[in-house]
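S.K.: Sequence and predicted structure below; questions after.
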Amino acid sequence: LRGSKSFTAALPGETERNGHGLGYKSVSVGHLEAPPLSPSRLSLGRASSTATSTAAPEQGRPRDYLVLAIFSCFCPVWPLNIVALVFSIMSRNSGQQGDTDGARRLGRMARLLSIVSIVLGTVIIVLYISLSVR
């Protein structure tokens with residue numbers, strides 16, 4: 001017979017009652033272990049170059065390209081650059097709520113719309129100046 005790794009323990013903040021009027025909850029041993037430390041918290045020293053080059057890319061906060069979207073608002077392609085600004089703000093909000101995939105997707109769309117707006121705006125300005133100089 002195999003023994004169970006479950007036991008009853010009082011956990012802080014638990015308000016669940018087990019039928020006996022006590023604030024205990026049956027949990028497994030795996031739930032009480034501390035989560036592993038992230039690589040950035042393992043040591044305060046500098047990591048070796050081999051560890052940083054082979055490690056997966058940092059899963060930090062995704063970029064929202066807000067500065068690029070604001071810069072694109074100075075171009076004369078008004079509907080497109082306003083949409084880029086909205087996507088950028090939505091990306092920032094998604095990132096703050098913890099939805100990194102959604103924030104990345106919205107950030108890429110904001111970047112694309114901002115770049116298209118800047119390129120089209122530059123073309124419009126160049127065409128306007130070249131036609132008005134004649």
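M.R.: Received the coordinates, thanks.

S.K.: so for the longest helix along the chain, what's the average pLDDT?
M.R.: Ordering each helix of the chain by length in residues (DSSP state H) puts helix 100-133 first. Averaged across helix 100-133, pLDDT comes to 96.

S.K.: Return the list of helices and strands in contact with it.
M.R.: Applying 3 or more Cβ pairs under 8 Å, 6 or more residues apart in numbering; DSSP states H and E, one finds that helix 100-133 makes contact with helix 66-72, helix 78-96. Quick note: C-beta positions are derived from backbone N, CA and C, even for glycine.

S.K.: For the chain, name the helix or strand with the lowest mean pLDDT.
M.R.: helix 49-54 (a mean of 41; mean pLDDT, DSSP states H and E).

S.K.: got the helices and strands packed on helix 100-133 as CSV, with distance to residue 134 columns?
M.R.: Shown next, in CSV, are the helices and strands packed on helix 100-133 (distance: least, Cβ to Cβ, whole Å):
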stretch, distance to residue 134
helix 66-72, 28
helix 78-96, 26
